[in-house]
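In: Quick one: sequence and predicted model below, then my questions.
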Amino acid sequence: MMDKLMSKNLIINELLIEIENKISSLNHSIEQLKESLFNETKSSMGDKYETSRSIIQTEIEQYHNQYEVLVRHKNSLKMILRQSKNKHTDFGSLIISNKDLFLLGPGLGKKMIKNHLVYCISMHSPIGKILNEVQVGSSFNFNGELLKVKSIE
């Protein structure tokens, strides 16, 4: 299932790169909207002006909210890189099953990393609660399929 080149640190670093790219894209979008807001100020007056400014300001706020979520995810992933190894599952554990990989951490969803399917699962989700209690050799149901835990990093 998992070759020697695939590790928890590799998965975390790939996720961090993806998040950094999204943050960069959001920053670019925010700057473009701020420029539009500035240009709108110079060119319009009246109700149309206020409506346009309001729409642009709302978009900027939405991008800032997305930015904050990404920064929280990024900080969570960095915390996982710094933590020591545990013998049991916990925040930051990589659970390697006979079929898929599961990272307990920020709920980023299903990711394809170096041709491996990795589920980034929040510990507060139903499957996260189940995975938080597994041990090597135990089995669990995921998407209607019985999976066996091969190892935990």
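Out: That came through fine.

In: Every contact and neighbour count from this point should use C-alpha atoms.
Out: Noted.

In: any residues touching the longest strand along the chain, and which ones?
Out: Counting residues, the longest strand found in the chain (DSSP state E) is strand 145-152. By Cα atoms under 8 Å, 6 or more residues apart in numbering, the list of residues contacting strand 145-152 from outside reads 87-89, 93-99, 134-141.

In: Could you list the buried residues of that strand?
Out: 147-150, 152 (16 or more other Cα atoms under 10 Å).

In: Return the closest of those residues with respect to Glu14.
Out: Among those, Ile152 lies closest to Glu14 (Cα to Cα), at 19.1 Å.

In: what's the distance between the closest one and Leu26?
Out: 34 Å (Cα to Cα, to the nearest Å).

In: With adjacent residues omitted, what lies nearest to the residue positioned nearest the centre of the chain?
Out: Of all residues in the chain, the one closest to the mean position by Cα atoms, centre = their mean is Leu108, 3.3 Å from it. Using Cα to Cα, 6 or more residues apart in numbering and skipping residues adjacent in sequence, the residue nearest Leu108 is Cys120, 5.2 Å away.

In: If anything else comes up later, I'll come back, but that's it for now.
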